[in-house]
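S.K.: got a predicted model here, sequence first, then my questions.
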Amino acid sequence: MPLELNALRQHLLAKVREQGAAIDPLVADALRTVPRHLFLPDLPPDHAYRDEPIVTKRDGDGQPISSSSQPTIMAIMLDQLGVARGQRVLEIGAGTGFNAALLRRIVGDQGKVTSVDLDGDTVERARENLDAAGCADVLVVTGDGARGYEKRAPYHRIIATVGVWDLAPAWLEQLAPGGRLVVPLDLRGVQRSVAFERDGDHWTSRSAMPCGFMRMRGPFAGPERTYVLDARSSLTLSLPQDRDIDPAAVVEVLAEPPSSRRTGTAPTMAQLFDGLSLWLAVREPRWCSLSEKADAPHPLLGQAPLRAPDSVVTAGILGDDGVALLSSVDGEVCVLGYGNDAVADELVAHVLAWEAAGRPGTDGLRIDAYPAGVPGADGDFVIEKGTCRLVLSW
């Protein structure tokens, strides 16, 4: 069995590298040696070492609220974090404890890893998993991650493994001089894993990568809202901000035969997920995303352009009297219109404008974070948060 497990870890590392992640040698060593199957004890080892996210906890509506993240994005974020031997690291969101174990391997015996999670049962399971993996010196505490953990501050590195809407002041205060913060940051409904460092009077990004994480809960949660429209198919609507909507009316509209418009553009799935979603998020206040079980008995998102093993996902515009959604036909992006055709025409215009601009995405994106109310440099877009002002530039 040990030889088989070693082979599974080597195979996982190879799969992560196939995804294009430029893995630091310390991160690669951690993936090659830390036993992920011990953090997913209810799964067979061959399943635990797949390059997939694995949900470990759901809320009362069946929505996932805790998981073991996909190893590829974990490796990407650890690369962004730039952890070194002997450093002190704070993790926001304990999950199964696997990421904390990777960090423990990287920092070595002279380093310290602290992980904070809102839920006591999640902390207890992470503690058990870490003990089983020989990481008894990792500190796992129950608390609001937005407050950090002052007792062990300052930290050389802070990483959040949950989607965050705002940059919590406690994280910035608890970072040591020259420290780095990596967070899956909400940009009007889409997330980018952003590595921040201090630059004079503000924080500036050193890198940004596409990602998708469960949202942070608790007092520091953002305004985004999720509605389960149909529990049987897990048809779910996500909005970047709270809106007065009638879920039943949305389902009724989506059940109608849609009109279809071709756009003439055929981006890759990566370009669609990265570029067009970001384009819509920063330009279209009515933008939304919808997901559904891949094997739904009566699917409403049958032509959704993004497909995962368990779900299909699309995005579009939720208007007051109509819905427009992105679809894919033989690789070409099309727009399906429900209700008022004007909404579909507007989504087509966004797609064509994105194509004409050269399909811009996260590559080249810079994000500067200034304290709320403090003027900053001009950029292409400004997003106001609760405690900071984000300036986006390409």
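M.R.: Right, received. Where do you want to start?
S.K.: output the longest strand belonging to the protein.
M.R.: Across the chain, the strand with the greatest residue count (assigned by DSSP state E) is strand 175-187.
S.K.: and the next helix or strand after that one, C-alpha only, in CSV?
M.R.: Where DSSP states H and E defines the elements, the next helix or strand beyond strand 175-187 is strand 190-199. This file holds the C-alpha atoms of strand 190-199, laid out as CSV (Å, rounded to 0.1, in the frame of the first residue of the first chain):
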residue,chain,number,x,y,z
VAL,A,190,-16.4,36.6,-9.8
GLN,A,191,-13.3,35.7,-7.9
ARG,A,192,-9.6,36.1,-8.5
SER,A,193,-6.9,34.7,-6.3
VAL,A,194,-4.9,37.9,-5.6
ALA,A,195,-1.5,38.2,-4.0
PHE,A,196,-1.2,41.5,-2.2
GLU,A,197,1.9,43.3,-0.8
ARG,A,198,2.1,46.8,0.8
ASP,A,199,3.1,49.6,-1.6
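S.K.: off-centre distance for strand 190-199?
M.R.: 12 Å (C-alpha atoms, centre = their mean, to the nearest Å).
S.K.: need the contact list for the closest residue to Gly373 other than its chain neighbours.
M.R.: Computed as C-beta to C-beta, 6 or more residues apart in numbering, the closest residue to Gly373 that is not its neighbour in sequence is Arg389, at 7.7 Å. For every residue, glycine as well, the C-beta is placed using N, CA and C. Shown in contact with Arg389 (C-beta atoms under 8 Å, 6 or more residues apart in numbering): 369-374, 376, 382-383.
S.K.: now the buried members of those residues.
M.R.: Buried residues within those, counting neighbours by 16 or more other C-beta atoms under 10 Å: 369-370, 376, 383.
S.K.: give me the number of residues near Gly120?
M.R.: Residues within reach of Gly120, counting by other C-beta atoms under 10 Å, total 11.
S.K.: check Ala353 too.
M.R.: With other C-beta under 10 Å as criterion, Ala353 counts 11.
S.K.: likewise the one 4 residues further on?
M.R.: Burial of Ala357 is recorded as 11 neighbouring residues (other C-beta under 10 Å).
S.K.: that one and Val351, how far apart?
M.R.: 11 Å (C-beta to C-beta, to the nearest Å).
S.K.: my guess is Lys385 contacts Leu167. True?
M.R.: Yes - counting by C-beta atoms under 8 Å, Lys385 does reach Leu167; the two are 7.2 Å apart.
S.K.: more neighbours: those two, which one.
M.R.: Set Lys385 next to Leu167 and count neighbours by other C-beta under 10 Å: Leu167 wins out with 23 against 16.
S.K.: got phi/psi on the residue lying closest to the more buried one once chain neighbours are set aside?
M.R.: Once flanking residues are discounted, Leu167 sits nearest to Cys388: 5.1 Å by C-beta to C-beta, 6+ apart. Dihedral pair for Cys388: phi -150, psi 170, per degrees, to the nearest 10.
S.K.: how about the strands in the stretch 201-350 of the chain?
M.R.: Remark: strands assigned in the stretch 201-350 of the chain by DSSP state E, counting those that start in this stretch are 202-211, 225-230, 235-239, 259-262, 287-293, 306-307, 311-318, 322-329, 332-339.
S.K.: how about the ones you listed in TSV, adding mean pLDDT, distance to Asp29 and mean neighbour count?
M.R.: Supplementary listing: those in TSV, determined by pLDDT from 0 to 100; distance: least, C-beta to C-beta, whole Å; neighbours: other C-beta atoms under 10 Å:
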stretch	mean pLDDT	distance to Asp29	mean neighbour count
strand 202-211	96	21	20
strand 225-230	89	37	16
strand 235-239	93	37	20
strand 259-262	95	49	14
strand 287-293	94	35	22
strand 306-307	79	33	16
strand 311-318	93	33	22
strand 322-329	94	39	22
strand 332-339	95	41	22
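S.K.: neighbours of Gly111, how many?
M.R.: 20.
S.K.: quick check: phi and psi on it?
M.R.: The phi/psi pair for Gly111 (degrees, to the nearest 10) is phi -90, psi 180.
S.K.: what about the residue nearest to Leu167, distance to Asp201?
M.R.: Counting by C-beta to C-beta, the gap from Cys388 to Asp201 is 12 Å.
S.K.: these two: which has the busier surroundings?
M.R.: Neighbours were counted for Cys388 and for Asp201 using other C-beta under 10 Å; Cys388 has more, 23 against 9.
S.K.: what is that one paired to in the beta sheet?
M.R.: Here Cys388 sits in beta bridges with Pro371, going by DSSP bridges.
S.K.: list the residues that contact it.
M.R.: Per C-beta under 8 Å, 6+ apart, neighbours of Cys388: 166-167, 203, 369-372.
S.K.: now, among the residues you listed, which is nearest to Ile317?
M.R.: Asp166 (25.3 Å; C-beta to C-beta).
S.K.: helix or strand: which one has the closest residue to Thr204 other than its chain neighbours?
M.R.: Nearest residue to Thr204, sequence neighbours excluded (C-beta to C-beta, 6+ apart): Asp368, at 5.0 Å. In this assignment (DSSP H and E), Asp368 forms part of strand 366-371.
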